[in-house]
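Need a 3D model of the following:
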Amino acid sequence: MSTNQKKFLKILIVLLLSGAMLFIPFEALGVPINPVQARVVALFVLAALMWILEPVPIWTTSTLVIALCLLGISNQALTFLRPDRYDKAEVNAIVQEAVGSGGAVSPELLKEIQDTVNARLKKKPTVNEQEVRMTLGFQLMDYSEKAETKGEAAAAQTLKEAHHRLYEDALSARIKNLKFVNVMQQKTTMATFADPIIILFLGGFFLAAAATKYRLDINLAKVLLKPFGANPKFVMLGLMVVTALFSMFMSNTATAAMMLAILTPVLALFGPEDRGRAAFALCIPIAANIGGIGTPIGTPPNAIALKAMQDMGLTITFGKWMVFGVPFVIVMLLVGWFILVKMFPTQQKELKLEVGGKFLKTPKAIIVYSTFAVTIALWCFSDMLSLGLDSNTIAIIPIAVFAITQVITKEDLKSMSWDVLWLVAGGFALGVALQETGLAKDMIDAIPFGTWNPTVLMIGAGFICLFMATFMSHTATASLLMPILAGVAGAMVKTGSMDDAGAIGLLCAIAFASSLGMALPISTPPNALAYATGLVEQKGMAISGTILCLLGLFITFVLMYFLQTIGFFAV
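Numbering: from 1, shown residues only. Coordinates of the predicted model:
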């Protein structure tokens, strides 16, 4: 079967399975969802399968998700796909019953009130029981005041009484029994392309591009590796430390590619049968995958977790994330280093890492060095200095400085990983679809999460996330799971079975788990780059990666439990 035939088969499977979601009798399964929500379920399945099977690049799936949201789920969807968002006739009947039939309110005035109520509800981004009651109450009181101004005392009094009747049992029950169909808002959907988290990532891209262009990355590597001497074990540890450090602020893939390039002459020093070659080739992707966990911009799952927290009204600053992220990275690097040393012992007694080049001293290079230092310092210490800047706003500084000084040119912009930004935006749009259509809430309401143990939820979700991240994009995994678990956490907070700190811990654990999937060459691009060297067998990668990711998941659970216990996440 040819490559194109395989792609066609995968796409056919995706379309059949996602299309089938539109015909599942969810109500019979105890999950009453409306037609728009059924479309969201189908979209979710389509996105998940496309991200797993990858018949097309994963960023293109994200653009498809946003397009389908706009065309089929938003308030500006195709006309024949726009639903009636509530029962207009029933709302009119409620207004009529509230007003009564005493004759004080003329049929013309009653019709005007009904039309005004429906016009107001039509403009509401979200329609629910509270919005209907508030709109009805406001309009009845507004028309009562107008009638009183006109000297129509009887009509004014009747409308006041109608307002009070809205809270009586009979009308309250009718309002409560209304069925609502909410849709995504066009502006909200399109805004995912320029979400503050996207700007945070773009700032990271600018820093990474400038560091590479002006040799800051390679020269820092040279300086930072000096203390590790010539012993192969410690040279490998040094490589892992430097790789992780760069990965905290650069793309994991770009970091792995850069460090593997630096490593090339060293790998040539090993004998053809020396297993140490595999250890050195593996240490780079392991460190790149782990290092990204250390900062909010290190890897997309971290940014997706921050976005989910912000939507819940919760925040973790850049510096606060590093307080627990960096120690986790250090511990995991040591664990990974120990595993590699034991699994792949080397026969080499001494290694000398030759990395040429000097720090540039041109005006633009100095701009890069200073801007890099200022940005990182602000990310780490902005709160301490009480500057009032969040991480997203700080990220615009390198973008503006490098653009105005032409450190980053139009050609540099073209080479940036815009596909990653679009991929993340698609994940955000999927989360918006789940939230704004009410699907996440309705599905959560159908499950008694209030009786669940938060620790069990974290462990179960962590293992599911790790399994998914082993076989599909880490970003796609986080994009699929984070909105659902954010909704679950929100529901548990409301029931009192979880506090805000627990919600933050859960989402951080899922972000960590998303980055720990590294057992296979397909698990993450840095793994694929290392596998492409020809020095790593899939079996060795699978064994070391599986041990490391399971230990990492255990350490994650322990870390989150400890941080919650000491009140670190208290808000």
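
how about S74, phi and psi?
The phi and psi torsions at S74 (degrees, to the nearest 10) take the values phi -90, psi 170.

Count the residues that sit near it.
If you count neighbours by other Cβ atoms under 10 Å, S74 ends up with 27. Backbone N, C-alpha and C define where each C-beta goes, glycine included.

show me what contacts it?
The neighbours of S74, taking Cβ atoms under 8 Å, 6 or more residues apart in numbering as the test, are 183-186, 189.

Would you mind pulling up the elements that the helix or strand hosting V45 packs against?
When secondary structure is defined using DSSP states H and E, the element that contains V45 is helix 35-53. Counting by 3 or more Cβ pairs under 8 Å, 6 or more residues apart in numbering; DSSP states H and E, the packing neighbours recorded for helix 35-53 are helix 3-20, helix 58-72, helix 418-436, helix 439-445, helix 474-495.

Just the angle for it relative to helix 418-436, thanks.
Orientation check (axes from the mean of the first three to the mean of the last three Cα atoms, to 10 degrees): helix 35-53 against helix 418-436 gives 150 degrees.

nearest to V536, of the helices and strands packed on helix 35-53?
Nearest to V536, of all the helices and strands packed on helix 35-53, is helix 474-495, at 19.5 Å by Cβ to Cβ.

quick one, longest helix in this structure?
helix 538-565 (DSSP state H).

buried residues in that helix?
When neighbours are counted by 16 or more other Cβ atoms under 10 Å, the buried residues of helix 538-565 are found to be 540-542, 544-545, 548-549, 551-553, 555-557, 559-561, 563-564.

same question, stretch 133-146
For stretch 133-146, the neighbour count (16+ other Cβ under 10 Å) marks 133, 135-137, 139-140, 143-144 as buried.

residues making contact with that stretch?
Outside of stretch 133-146, the residues that reach it under the criterion Cβ under 8 Å, 6+ apart are 91, 94-95, 98-99, 109, 112-113, 116-117, 120-121, 124, 155-157, 159-160, 162-163, 166, 175.

next one: stretch 407-421
Defining contact as Cβ under 8 Å, 6+ apart, one finds that stretch 407-421 is touched by 57, 59, 193, 198, 201-202, 205-206, 209-210, 213-214, 251, 254, 300, 364, 367-368, 371, 401-402, 475.

just the buried members of these?
Of the members of those, the ones counted as buried by neighbours, 16+ other Cβ under 10 Å, are 59, 193, 198, 201-202, 205-206, 209-210, 213-214, 251, 254, 300, 367-368, 371, 401-402, 475.

Give me the pLDDT value at the nearest residue to V335 once chain neighbours are set aside.
In this structure, V335 finds its nearest non-sequential neighbour in L551, 5.7 Å apart by Cβ to Cβ, 6 or more residues apart in numbering. On pLDDT, L551 comes in at 95.

quick revisit: can you name every helix or strand that the longest helix of the chain contacts?
Secondary elements touching helix 538-565 (3+ Cβ pairs under 8 Å, 6+ apart): helix 276-291, helix 318-343, helix 454-471, helix 500-516, helix 525-531.

Just say which of these is most tucked in.
Highest mean neighbour count of the helices and strands packed on helix 538-565: helix 276-291, a mean of 28 (counted as mean count of other Cβ atoms under 10 Å).

Against which helices or strands is that helix packed?
In terms of contacts (3+ Cβ pairs under 8 Å, 6+ apart), helix 276-291 is packed against helix 232-247, helix 252-267, helix 318-343, helix 500-516, helix 525-531, helix 538-565.

Tell me which of those sits nearest to L171.
Of all those, it is helix 500-516 that lies closest to L171, at 35.8 Å by Cβ to Cβ.

now that closest one against helix 454-471, angle please.
20 degrees.

What average pLDDT does helix 500-516 get?
On average, helix 500-516 scores 91.

about what we covered before: show me how to select, in ChimeraX, the buried members of the contacts of S74.
ChimeraX command restricting those to the buried ones, with burial defined by 16+ other Cβ under 10 Å:
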select :183,184,185,189
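
for the contacts of S74, which one is nearest D442?
Ranked by distance to D442 (Cβ to Cβ), those are led by V183 at 14.2 Å.

what's near enough to touch the closest one?
The neighbourhood of V183, defined by Cβ under 8 Å, 6+ apart, consists of 36, 73-75, 77, 82-83, 85, 436-437.

check contacts around the residue nearest to it when sequence neighbours are not counted.
Counting by Cβ to Cβ, 6+ apart, V183 lies nearest to N75, which is 5.2 Å off, once chain neighbours are set aside. The neighbourhood of N75, defined by Cβ under 8 Å, 6+ apart, consists of 82, 125, 183-186.

how about a cut-off of 6 Å?
By Cβ atoms under 6 Å, 6 or more residues apart in numbering, N75 lies in contact with 183, 185-186.

A288 now?
Neighbour list for A288: 243, 247, 252, 255-256, 526 [criterion: Cβ under 6 Å, 6+ apart].

give me that answer again for 10 Å
Listed by Cβ atoms under 10 Å, 6 or more residues apart in numbering, the contact set of A288 reads 240, 243-244, 246-247, 250-260, 298-299, 518, 524-527, 529-530.

What separation do you get for it and A278?
In this structure, A288 and A278 are separated by 16 Å, where distance is defined by Cβ to Cβ, to the nearest Å.

looking only at pLDDT, what's the mean for the host helix or strand of F402?
Element membership of F402 [criterion: DSSP H and E] is helix 396-404. Averaging the model's pLDDT scores along helix 396-404 yields 93.

Report all helices and strands that it contacts.
With contacts defined as 3 or more Cβ pairs under 10 Å, 6 or more residues apart in numbering; DSSP states H and E, helix 396-404 has these neighbours: helix 196-213, helix 363-385, helix 410-414.

if we go to 6 Å?
Applying 3 or more Cβ pairs under 6 Å, 6 or more residues apart in numbering; DSSP states H and E, one finds that helix 396-404 contacts helix 196-213, helix 363-385.

Could you figure out how far it is turned away from helix 196-213?
Orientation note: helix 396-404 sits at an angle of 50 degrees relative to helix 196-213 (the same axes, to 10 degrees).

How far away from the center of its chain is helix 396-404?
Average the C-alpha atoms of helix 396-404, do the same for its chain, and the two points are 25 Å apart (Cα atoms, centre = their mean, to the nearest Å).

Using TSV, lay out the helices and strands packed on helix 276-291 together with distance to I11.
TSV is the format used below for these (distance: least, Cβ to Cβ, whole Å):
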stretch	distance to I11
helix 232-247	34
helix 252-267	26
helix 318-343	37
helix 500-516	26
helix 525-531	23
helix 538-565	27
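
Comparing these by mean pLDDT, which bottoms out?
Comparing the helices and strands packed on helix 276-291 on mean pLDDT, the least confident stretch is helix 252-267, scoring a mean of 71.

related to what we said a few turns ago, export the contacts of N75 to CSV and append columns for pLDDT.
Written out in CSV, the entries for the contacts of N75 read as follows (pLDDT from 0 to 100):
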residue, pLDDT
V183, 86
Q185, 88
Q186, 90
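
Adding secondary structure and distance to G431, write these out as JSON lines.
Compiled in JSON lines, the contacts of N75 are given as follows (DSSP: H, G, I helix; E, B strand; the rest coil; distance: Cβ to Cβ, whole Å):
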{"residue": "V183", "secondary structure": "coil", "distance to G431": "15"}
{"residue": "Q185", "secondary structure": "coil", "distance to G431": "14"}
{"residue": "Q186", "secondary structure": "helix", "distance to G431": "16"}
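
quick one on the thing from earlier: got CSV for the helices and strands packed on helix 538-565, with distance to N231 too?
Formatted as CSV, the entries for these read as follows, by distance: least, Cβ to Cβ, whole Å:
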stretch, distance to N231
helix 276-291, 12
helix 318-343, 11
helix 454-471, 33
helix 500-516, 28
helix 525-531, 22
